[in-house]
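Engineer: with the input below, show me the fold.
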Amino acid sequence: MPIDVAVIGTGEYVTGFHRDSNSQSDKAPGVVALTLFDLRRRGLVDRIALVGRNGRQFPAIRRHMRNMIANRYNGLDVAVETFPSDQCVDPDAYLDAICAMPAGSVVIVATPDDSHAHIALHALRCNCHVLVLKPLVKSVGDHQSLISEARQRDLLIAAEYHKRFDPIYADARDRIRQFGDMSLMMSYMSQPKLQLDTFRAWAGLSSDISYYLNAHHIDFHCWALAGIARPIHVQASAAEGVAAKILGRRIEDAITLNVTWENLRSGALGVAHYTASWIAPPGDVHSQQRFFYMGSNGEVSIDQAHRGYSAATDSDGFASLNPLFMKYTPTDGRFAGQSGYGYRSIEAFIEAAAAISAGLARPSDYDTTLATADATLTVTAILEAGRKSLDADGKRIMLHLDDGKDHGRQAPIEAFAI
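Structural biologist: Below you'll find the predicted structure:
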């Protein structure tokens, strides 16, 4: 049976819409809504609701989706229900919109990081499965509350860490698990400084670049090392100066989390450096994305931004392309991005939620395939500890872990200490 979906948030990643018509977005058709429209065409999704704060933006959003999706891809219907009404501004529109969904529906949360926890909790209490665009939440306490609520109701809640569905990252994860003790992990991910205008309303206020970008590689690393190693302390550092001039307030340009890991069998220590920045200059890619991993008997290196595929046009110049994420170029007039890992991460959650609602599976069945709340508590702990370290002038933050009996699941975090 097709499943109903409500999307909370109407921004660039959902619809491709940007209030600046001259925006140089690399996701002009969006990701979430486009995927849902195609899933509806395929019979996996039925009702689609789009929920924002300012209903006055919906006419422009509908025009944008018609131009970028309906007029570009044959057979895709972009009709959606919208909340609030076009004449209304209502920051709480999500409350009624979510509870109007039938039990067992899916709610996708695509709002600023500091709003994830209370929206997701409300959706769970309305008996909906919840997919949250990364990070899941900002604090361990909120993360644990969502786990508890979801377990009580037998509902699925997960973060949309789409790198898990990149076939190269997935293969690297399986190789890393054969490389013995963890020794070194170095990751880097960037956004161009022009994107700061898109993030103006929340950047440096309700969240930071570490939560926004480091979250990807931290989740990948935790996923790869589940049952093999655990983080024991975090120390963060940051660069400043550029973003502050753009936004007119104090904000970090780049954040590095230095995390010490302990290998569970040998007790040997490893170290990870996760770096994220949002002041990159324009380049051949929208986002630099790479990591290097070394274990005791093997190493792997990935440059996700450069897959050996490039193009040059009179209008856009030279660019390195990655259709493995979202294939926007139509094939004979039809959308053909079903194999992209941006698409697959949403499709996999919809399929899992439908199976659970039909009584064919349990939420725990997906702890190793989806970034479920149960499987990603350590990710939130590292991110929160990084923020605490920055706020404490770079002091080391210890992670106190209760290992439990099953190292295959992420260990619950009991407390932080400086």
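
Engineer: what is the least confident helix or strand in this protein?
Structural biologist: One helix or strand of the chain scores below all others by mean pLDDT, DSSP states H and E: strand 413-417, with a mean of 48.

Engineer: neighbouring contacts of stretch 388-395?
Structural biologist: 208, 234-238, 252, 255, 257, 396-397, 416, 418 (C-beta atoms under 8 Å, 6 or more residues apart in numbering). Every C-beta, even on glycine, is put in place using the N, C-alpha and C of the backbone.

Engineer: which positions within it qualify as buried?
Structural biologist: Using 16 or more other C-beta atoms under 10 Å as the test for burial, stretch 388-395 gives 388-390.

Engineer: likewise stretch 120-136?
Structural biologist: Quick answer for stretch 120-136 (16+ other C-beta under 10 Å): 120-124, 126-136.

Engineer: show me the residue at the heart of this protein, geometrically.
Structural biologist: Nearest to the geometric centre of the chain sits residue 134, at 2.8 Å (C-alpha atoms, centre = their mean).

Engineer: care to break the chain down by domain?
Structural biologist: The domain map for the chain lists 3-160+338-370, 164-326+375-417, with the assignment taken from automatic domain parsing.

Engineer: how far away from the center of its chain is the first one?
Structural biologist: I take that to be domain 3-160+338-370. 12 Å (C-alpha atoms, centre = their mean, to the nearest Å).

Engineer: looking at this, residue 379 is in a strand?
Structural biologist: No: Residue 379 sits outside any strand when classified using DSSP: H, G, I helix; E, B strand; the rest coil, being helix.

Engineer: that one contacts residue 214, doesn't it?
Structural biologist: No: contact criterion C-beta atoms under 8 Å: residue 379 and residue 214 do not qualify, at 9.7 Å.

Engineer: which stretch in the domains of the chain has the least confidence?
Structural biologist: Comparing mean pLDDT across these, the weakest is domain 164-326+375-417, with a mean of 91.

Engineer: got TSV for the domains of the chain, with distance to residue 332 too?
Structural biologist: Output for those, formatted as TSV (distance: least, C-beta to C-beta, whole Å):
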stretch	distance to residue 332
domain 3-160+338-370	8
domain 164-326+375-417	16
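
Engineer: which strands or helices does the helix or strand containing residue 118 pack on?
Structural biologist: Using DSSP states H and E, residue 118 sits in helix 116-125. Using 3 or more C-beta pairs under 8 Å, 6 or more residues apart in numbering; DSSP states H and E, the elements in contact with helix 116-125 are helix 93-99, strand 106-109, strand 129-133, helix 140-153.

Engineer: which of these sits closest to residue 245?
Structural biologist: Closest to residue 245 of those is strand 129-133 (C-beta to C-beta; 28.1 Å).

Engineer: show me what the closest one is packed up against.
Structural biologist: strand 106-109, helix 116-125, strand 157-160, helix 341-357.

Engineer: just say which of those is most tucked in.
Structural biologist: With neighbours defined as mean count of other C-beta atoms under 10 Å, the helices and strands packed on strand 129-133 peak in mean count at strand 157-160, which reaches a mean of 28.

Engineer: helices or strands up against it?
Structural biologist: Partner elements for strand 157-160 (3+ C-beta pairs under 8 Å, 6+ apart): strand 129-133, helix 140-153, helix 341-357, strand 371-372.

Engineer: closest to residue 11 out of the ones you listed?
Structural biologist: Across those, closest to residue 11 is strand 129-133 (C-beta to C-beta), at 9.6 Å.

Engineer: identify the residues contacting that closest one?
Structural biologist: So strand 129-133 is in contact with 9, 13, 32, 104-110, 116, 120, 123-124, 146, 150, 155-160, 346, 349, 352-353, 356-357, going by C-beta under 8 Å, 6+ apart.

Engineer: residue 196 is nearest to which of the helices and strands packed on strand 129-133?
Structural biologist: That would be helix 116-125 among the helices and strands packed on strand 129-133, by C-beta to C-beta, at 20.8 Å.

Engineer: and the contacts of the closest one?
Structural biologist: With C-beta under 8 Å, 6+ apart as the test, helix 116-125 has contacts from 8, 94-95, 98-99, 107, 109, 111, 130, 132, 135-139, 142, 145-146, 149-150, 153, 155, 157.

Engineer: about what we covered before: give the PyMOL command for selecting the buried subset of the contacts of stretch 388-395.
Structural biologist: With 16+ other C-beta under 10 Å as the criterion, this PyMOL line picks the buried residues out of the contacts of stretch 388-395:
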select buried, resi 208+234+235+236+237+238+252+255+257+397+416
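
Engineer: tabulate the contacts of stretch 388-395 (CSV), appending distance to residue 26 and secondary structure.
Structural biologist: Converted to CSV, the contacts of stretch 388-395 look like this (distance: C-beta to C-beta, whole Å; DSSP: H, G, I helix; E, B strand; the rest coil):
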residue, distance to residue 26, secondary structure
208, 22, coil
234, 31, strand
235, 33, strand
236, 28, strand
237, 29, strand
238, 26, strand
252, 23, strand
255, 22, strand
257, 26, strand
396, 37, coil
397, 34, strand
416, 36, strand
418, 39, coil
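
Engineer: out of the contacts of stretch 388-395, which is nearest to residue 57?
Structural biologist: Nearest to residue 57 out of those is residue 208 (C-beta to C-beta; 26.0 Å).

Engineer: need the strands for the stretch 151-300 of the chain, in chain order.
Structural biologist: Listed in chain order, the strands of the stretch 151-300 of the chain (DSSP state E, counting those that start in this stretch) span residues 157-160, 182-192, 229-240, 252-263, 269-280, 289-295, 298-303.
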